[in-house]
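Student: requesting a structural model of the entry that follows:
(2 chains)
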There are 2 protein chains.
Amino acid sequence: VSKTSGSARPQAATAADFLIASRQCEVRSLEYFLLMGRLVQSSGHLIHELQRERGISSLYLGSAGQRFSRERAHIIVQTNERAELFNQALRDIQHELISHPVSSPLLGHIARALHALGQLEAIRHRIEAQTIEAQEAVGWFCDTIHQLITVVCEAADTVVEPSIAGLLVALVQVMTGKEYCGQERAAGSTGFAQRRFDHALSRRMMHLVEAQDRCFDVFVAHGPGDSLALWRQLRAHLRELEIEQLRQMAVSIGPYKPLAPELAERWFALMTERMDDLKTIEDAVESAFHHRCVERYTEARRSLADQATLLASLEQNVQTSRSILDLIQEQNRRLQQMSDELQFAKEALEERRTQEKAVLLLMEHRNIDDDEAHRLLRKLAMDQGKRLPEVARALIATANVLI
Amino acid sequence: VSKTSGSARPQAATAADFLIASRQCEVRSLEYFLLMGRLVQSSGHLIHELQRERGISSLYLGSAGQRFSRERAHIIVQTNERAELFNQALRDIQHELISHPVSSPLLGHIARALHALGQLEAIRHRIEAQTIEAQEAVGWFCDTIHQLITVVCEAADTVVEPSIAGLLVALVQVMTGKEYCGQERAAGSTGFAQRRFDHALSRRMMHLVEAQDRCFDVFVAHGPGDSLALWRQLRAHLRELEIEQLRQMAVSIGPYKPLAPELAERWFALMTERMDDLKTIEDAVESAFHHRCVERYTEARRSLADQATLLASLEQNVQTSRSILDLIQEQNRRLQQMSDELQFAKEALEERRTQEKAVLLLMEHRNIDDDEAHRLLRKLAMDQGKRLPEVARALIATANVLI
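Tutor: Numbers count the residues shown, from 1 in each chain, chains lettered A, B, ... in the order given. Next comes the predicted model:
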């Protein structure tokens, strides 16, 4: 069992050795986050292309293959490029992930995302041949994108450095909010193309807007300065006003008053611009994450070197016991403080996971769809005057007892 | 930064590779827990001897070096043997801990425990020469034992398998309860030796009894069957009745009514028997932990082998995509369920840590001692009609804002 059992028995490690090891532990995890950063970045890029391919594929199927064929071919090339970069990033980190596995769930979700991506070619052939319903094709893209976001979310959960964890929480929220925006683009396109929104479609639009708002609220609490400035720019853009007007039509116009036919393309164009701007915000968060990793890595290496020098000089001296204790205590205090701060960032991830679980539970047991389950959860929270995560937690706790 | 950057680029891993890696991750962490188990076991043994050495050293100093010299020499030999076994266990796991560090805080606390143990010889010389007050000597033993229990507690925090985490939670509680019992033995010995308990000493006795009860309550919730049977035997033992009578004297007799002189040795003998019985319970929990690790390890290796065979056979087949997805989904569901159960065990550890932090905070800011801080916390809980951990959490949250 022991990896050392075959080798000669090593010298007993001293307090100083474990103090250094504790520092090395930090340096190693920062090295790992740098690799992880590339996986996160390439996931974001791949998701963006999959969202575009989803939109175009839906339009292609909607036009019975008459339009968007060229655009689709163009986007497929780009998606493939991004998928290749994602695979490269995974190849670079897979050795680290598989030989020193940090998280069973992360590996499980990577397996699931890879499995989904393995079906991309087959799905494309069916779209090409129009042997798949638009709804099924869109559903496949949604599931796959959801898997990729879950990989990023699980990756964020393996982070132990609070400032980095906060940035990844912001990143997960932007990615999720952007995905809701992508789904809103699709739902709106359907409604404007058929020149009417039925009750279910209107409600779906409302749900997607609310879900976006929730994500961006959390993003605003954790996001770095650059990205927040970009977010304010996006919000202040004239386009938002026009989107808001179209949204109002989508949720307020009854089924018998046909909408102007040109609105469909306008909606798609506006929302596509919005998605591209959201991608810029995502990139800004990702870049802040990368810089913070590099910064903390340099810092951690320097303090490791400093501490090693200090300990070596202390060990020359007889009166060392106090000074080593001071170093140990200072480090343990710092780790304790980091763990308190980390708690805060992790709670945001935990809340996200709890809500997802509560929604799944409601979907399963009341046989309702995703949107209805979200709405029911919000209603419960309003009725009880509690926060959404609290209601979700209570629901799961009850289910654990009752089911 | 990348460990793979020097080597040839590996083949891209498939969904099946990551599924296997996720299983391997479990097997590796179980291997690690087996090593960790030896460290935990040897910590328990070392703590037991340190508790005995603390008791005898205190009696030796109390008799101005006239008595207990032979007993002390005998126990020192035993403590040294246990310390050597602890060092061996640490040598066996240090490679694993330092090369794939799992937890900065665990390493930091090992450093601190090793640093404390490094002072043992010097403390013993001062006791031998009677150049140290009994209170300071006892204080040193208490701190060192506390450090060793903290190592076990941090080790428990790195465990991701719920059934194993529950056993470690039970173990930490038995160890902590036993340590309070050891401190009660010391406080009672002081009172019975001086034939009176002043107000402060009576209150300390009460606090130590309550603190023990809290620990054993949590132990009863998580402990394995064998150890619970031993616990019931201990509680039903006639000795408990006699201890209870002596406790009543310690907390109810005023300062002017001298106690019978023979009570001191009787108290020490009874509490020493009790400590030995608590050690038997601790060993039973430790043994259940070890067996569970071996069992889960065997299980995990078997399912890894089964799954590898299954995946290999699936990959021969064209219609694999559904079956691999089923495997992935089943595994992710299992991991999710494990993580829910784990949450429950971790909360017990987190509550312990939160209470310790709240007590430290009160000690620091109100300039009171450990017992008074515990009492104040209990009073706050009673006044507000809330659970102790809730009050502790609220206190820390407020302090984070106010300080």
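Student: give me the next element, helix or strand, following the helix or strand that contains residue A:96.
Tutor: In the assignment (DSSP states H and E), residue A:96 maps to helix A:69-99. The helix or strand immediately downstream of helix A:69-99 is helix A:104-117, counting by DSSP H and E.
Student: may I see the buried residues of whichever helix or strand comes after that next one?
Tutor: Next along the chain after helix A:104-117, taking DSSP H and E as the criterion, comes helix A:120-128. For helix A:120-128, burial by neighbour count (16 or more other C-beta atoms under 10 Å in any protein chain shown) applies to A:120, A:123, A:124, A:127, A:128. In this view, the C-beta of every residue, glycine as well, is placed from N, C-alpha and C.
Student: who's in contact with the host helix or strand of residue A:228?
Tutor: Counting by DSSP H and E, the element that carries residue A:228 is helix A:225-236. Identification of contacts with helix A:225-236 by C-beta atoms under 8 Å, 6 or more residues apart in numbering or on different chains yields A:170, A:174, A:216, A:219-220, A:223, A:240, A:274, A:277-278, A:280-281, A:284-285, A:287-288.
Student: type out the PyMOL command that picks the buried ones from those residues.
Tutor: Applying 16+ other C-beta under 10 Å to the contacts of helix A:225-236, the buried members can be selected in PyMOL as follows:
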select buried, chain A and resi 170+174+216+219+223+274+277+278+281+284+285+287+288
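Student: out of the contacts of helix A:225-236, who's nearest chain B?
Tutor: residue A:287 (17.4 Å; C-beta to the nearest C-beta).
Student: chain neighbours aside, what residue packs nearest to the closest one?
Tutor: residue A:226 (7.7 Å; C-beta to C-beta, 6 or more residues apart in numbering or on different chains).
Student: neighbours around that neighbour, how many?
Tutor: Residues lying near residue A:226 (other C-beta atoms under 10 Å in any protein chain shown) number 14.
Student: and the buried residues of helix A:120-128 as CSV, adding distance to chain B and pLDDT?
Tutor: Listed next are the buried residues of helix A:120-128 as CSV, based on distance: C-beta to the nearest C-beta, whole Å; pLDDT from 0 to 100:
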residue, distance to chain B, pLDDT
A:120, 12, 95
A:123, 12, 96
A:124, 15, 97
A:127, 18, 96
A:128, 19, 95
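Student: now those in JSON lines, with distance to residue A:147?
Tutor: Formatted as JSON lines, the buried residues of helix A:120-128 follow (distance: C-beta to C-beta, whole Å):
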{"residue": "A:120", "distance to residue A:147": "12"}
{"residue": "A:123", "distance to residue A:147": "14"}
{"residue": "A:124", "distance to residue A:147": "18"}
{"residue": "A:127", "distance to residue A:147": "19"}
{"residue": "A:128", "distance to residue A:147": "23"}
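Student: most widely separated two among the residues you listed?
Tutor: Greatest spatial distance among the buried residues of helix A:120-128 (C-beta to C-beta): A:120 and A:128, at 12.4 Å.
Student: just the element for the spatially most central residue of chain A, please.
Tutor: In chain A, the C-alpha nearest the mean C-alpha coordinate belongs to residue A:172, at 2.9 Å (C-alpha atoms, centre = their mean). Per DSSP H and E: residue A:172 is located in helix A:162-193.
Student: before we move on, the earlier item: check contacts around the residue nearest to the residue nearest to the centre of chain A when sequence neighbours are not counted.
Tutor: When the adjacent residues along the chain are set aside, residue A:172 lies closest to residue A:153, with 5.0 Å between them (C-beta to C-beta, 6+ apart). By C-beta under 8 Å, 6+ apart, the contact list for residue A:153 reads A:172, A:349, A:352, A:353.
Student: for chain B, state which of those is nearest.
Tutor: Taking C-beta to the nearest C-beta as the measure, chain B lies nearest residue A:353 of these, at 9.2 Å.
Student: following element in sequence after the helix or strand hosting the closest one, please.
Tutor: According to DSSP H and E, residue A:353 maps onto helix A:321-366. Note on helix A:321-366: by DSSP H and E, the next helix or strand toward the C-terminus is helix A:370-384.
Student: following that following helix, which helix or strand shows up next?
Tutor: Following helix A:370-384 toward the C-terminus (DSSP H and E): helix A:388-402.
Student: can you name every helix or strand that that following helix contacts?
Tutor: helix A:321-366, helix A:370-384 (3 or more C-beta pairs under 8 Å, 6 or more residues apart in numbering or on different chains; DSSP states H and E).
Student: dump the C-alpha coordinates for that helix into PDB.
Tutor: Provided in PDB are the C-alpha atoms of helix A:388-402 (Å, rounded to 0.1, in the frame of the first residue of the first chain):
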ATOM      1  CA  LEU A 388     -33.900  31.000  -2.400                       C
ATOM      2  CA  PRO A 389     -30.900  28.900  -1.200                       C
ATOM      3  CA  GLU A 390     -32.500  28.500   2.200                       C
ATOM      4  CA  VAL A 391     -35.700  27.200   0.700                       C
ATOM      5  CA  ALA A 392     -33.700  24.900  -1.600                       C
ATOM      6  CA  ARG A 393     -31.700  23.500   1.300                       C
ATOM      7  CA  ALA A 394     -34.900  22.900   3.400                       C
ATOM      8  CA  LEU A 395     -36.500  21.100   0.400                       C
ATOM      9  CA  ILE A 396     -33.500  18.800   0.000                       C
ATOM     10  CA  ALA A 397     -33.400  18.100   3.700                       C
ATOM     11  CA  THR A 398     -37.100  17.200   3.800                       C
ATOM     12  CA  ALA A 399     -36.700  15.000   0.700                       C
ATOM     13  CA  ASN A 400     -33.800  13.100   2.300                       C
ATOM     14  CA  VAL A 401     -36.100  12.300   5.200                       C
ATOM     15  CA  LEU A 402     -39.300  11.600   3.300                       C
END
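Student: hmm, who's touching that helix?
Tutor: A:214, A:351, A:354-355, A:357-358, A:361-362, A:365, A:377-378, A:380-381, A:384, A:386, B:340.
Student: show me which of the residues you listed is closest to residue B:142.
Tutor: Using C-beta to C-beta, residue B:340 comes nearest to residue B:142 of the contacts of helix A:388-402, at 37.1 Å.
Student: read off the pLDDT value for that closest one.
Tutor: Model confidence at residue B:340, expressed as pLDDT, equals 68.
Student: ranges for the helices of the stretch 201-350 of chain A?
Tutor: Applying DSSP state H, counting those that start in this stretch to the stretch 201-350 of chain A gives helices spanning A:225-236, A:238-252, A:263-316, A:321-366.
Student: residue A:34 - how many residues pack around it?
Tutor: Per other C-beta under 10 Å, the neighbour tally for residue A:34 reads 16.
Student: what sits against it?
Tutor: A:290, A:293, A:294, A:297, B:1.
Student: returning to what we had before: how distant is the helix holding residue A:96 from the center of its chain?
Tutor: 17 Å (C-alpha atoms, centre = their mean, to the nearest Å).
Student: touching chain B at all, that helix?
Tutor: Yes: using C-beta under 8 Å from any C-beta of the partner chain, helix A:69-99 reaches chain B at A:87, A:90, A:91, A:92, A:93, A:94, A:95, A:96, A:97, A:98.
Student: how about the residues you listed in CSV, adding pLDDT?
Tutor: Listed next are these as CSV, based on pLDDT from 0 to 100:
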residue, pLDDT
A:87, 91
A:90, 88
A:91, 85
A:92, 82
A:93, 82
A:94, 79
A:95, 75
A:96, 75
A:97, 74
A:98, 68
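Student: any of these buried? List them.
Tutor: Buried members of the residues of helix A:69-99 next to chain B, scored by 16+ other C-beta under 10 Å, are A:87, A:90, A:92, A:93, A:94, A:95, A:96, A:97, A:98.
Student: quick check, the fourth one in contact with residue A:36.
Tutor: Yes: at 6.5 Å, residue A:93 and residue A:36 qualify as touching, with contact defined as C-beta atoms under 8 Å.
Student: where does the prediction get shaky in chain A?
Tutor: Across chain A, the ranges flagged by pLDDT under 70 are A:1-12, A:98-103, A:253-256, A:313-322, A:324, A:335-346, A:400-403.
Student: just give the closest residue to residue A:93, not the sequence neighbours.
Tutor: residue A:35 (4.3 Å).
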